[in-house]
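Undergrad: sharing a model prediction with you, sequence too.
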Amino acid sequence: MSVLPLVSQLVQLPFFRYFKVNIYCDCPLWPDDSMCMMRACSVCECDDGEVPKPWLAAEQRVPCNAAAQKEAGGCDDTKCAAELDATVDRGLDPGMQQQLLQLKGWRGYNNPWMAEGDEDEEYLYINLLSNPERYTGYQGEHAHRIWSGVYSQGCLQQLDSVEQRILHRLLSGMHASISMHLSAKWLVDEAAGVWGPNLTEFERRLGTPDVKDRVENLYFSFLFVLRAVLKAAPLLERFDYSVGDPGHDSAAGELVRALVRLPGGLPAACPMPFDEARLWRGEEGEAIKAQLQAAFRNITTLMDCVGCEKCKLWGKLQTLGIATALKVLHSSQDALHLERNEVIALINTLERLASSIAYYRDLSTQLAAQQPAWARD
């Protein structure tokens, strides 16, 4: 079995379906002046009884402090969760402290590639299946401003080092994947709620030879994230996928094991587009890493400025997925810890990239079939 059927099944399961995210946040970079008002832009929140009960119980089990517990009834912001971590860690040696920071209710912020949120940020659980990634009508100057901000990071302007080129290709590949999903699921009729392929948009974004670098970067990003998943195999195989349903719990574990044990192993499943062991070498290695991490953190902050709720949701998930892949590939096995939201984002990002490649092949065939016979020869 190939990657796409496995990850397609995984993202249908409850564990990978619910993503915790701060959707209703202010843009720290410019006035929030272009919120998409189309119905397709909005996000449907989870009902109270929809989120897996073990997750909610874990957040309620340990009081953060008496005042916060009494007033809010649990740990729903970064300040409260940080205080919870401090309570767990008190009196332990630094090595054990670092391991116990990985709590099930924590939101993936123990990651050097991710920006920390404000103390008063509130998070919601969002059902990803109820909020699919597709074209919503969000476009124009505001959307272009987001992507301009992504590519205008100072250390991504010259691309003098291998590390800079890799990060640029990852971002370009993520951009291509998003473009592919928008083209494959275009809003054809808003009133009727009909989505379908838009070959004109596909051709403009990804379907011509002059943008083949975008497609190559899509494949690169897929291989990069797949390498991270396979490198994290020992951790992923023993991860707790409990959602309170034994059938779903075991199915998640079995599918993850099938994914990380692909026939032929790592070399066959994921050819090496680069050797991560050679990165960050030399006198400037650590300085380059710090610059790129700062740039990526800026990009994760840019996601707060996306003016379409659904686009913001998927932008945040996929930037966390890429950040998690970077964290995995640049961590030693014994020092690697992943939080629940990181695992969810990593697998969903892999699925997004894999399905983008499948959509690309399908729409390329459809586009070619529209051309006259003499042009296809």
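TA: Looks like it came in fine. Numbers count the residues shown, from 1 in each chain.

Undergrad: C-alpha from now on. contacts and neighbour counts both.
TA: Will do.

Undergrad: chain neighbours aside, what residue packs nearest to residue 260?
TA: residue 230 (5.2 Å; C-alpha to C-alpha, 6 or more residues apart in numbering).

Undergrad: now do the SS call for the one you found.
TA: helix (DSSP: H, G, I helix; E, B strand; the rest coil).

Undergrad: residues contacting residue 208?
TA: Contacts for residue 208 (C-alpha atoms under 8 Å, 6 or more residues apart in numbering) come out as none.

Undergrad: and if we set it to 10 Å?
TA: Residue 208 sits next to 202, 215, 364 when contact means C-alpha atoms under 10 Å, 6 or more residues apart in numbering.

Undergrad: out of these, who's nearest residue 298?
TA: residue 215 (24.8 Å; C-alpha to C-alpha).

Undergrad: what helices or strands is whichever strand or helix holds the closest one leaning on?
TA: Following DSSP states H and E, one finds residue 215 within helix 212-231. Counting contacts by 3 or more C-alpha pairs under 10 Å, 6 or more residues apart in numbering; DSSP states H and E, helix 212-231 packs against helix 162-184, helix 199-205, helix 233-237, helix 246-260, helix 265-269, helix 309-329, helix 340-370.

Undergrad: of the ones you listed, which is nearest residue 20?
TA: Closest to residue 20 of the helices and strands packed on helix 212-231, according to C-alpha to C-alpha: helix 340-370, at 6.8 Å.

Undergrad: residue 123 contacts residue 46, correct?
TA: No: counting by C-alpha atoms under 10 Å, residue 123 sits too far from residue 46 to count as a contact (11.7 Å).

Undergrad: name the nearest residue to residue 52, ignoring sequence neighbours.
TA: residue 243 (5.0 Å).

Undergrad: if I look at residue 306, how far off is residue 372?
TA: The gap separating residue 306 from residue 372 is 40 Å, by C-alpha to C-alpha, to the nearest Å.

Undergrad: more neighbours, those two?
TA: Under the neighbour definition other C-alpha atoms under 10 Å, residue 306 and residue 372 were set side by side, and residue 306 has more, 27 against 9.

Undergrad: what number of residues lie near the residue nearest to that one when sequence neighbours are not counted?
TA: Of all residues not flanking residue 306 in the chain, residue 312 sits nearest, at 5.4 Å (C-alpha to C-alpha, 6+ apart). Other residues within reach of residue 312, judged by other C-alpha under 10 Å, total 23.
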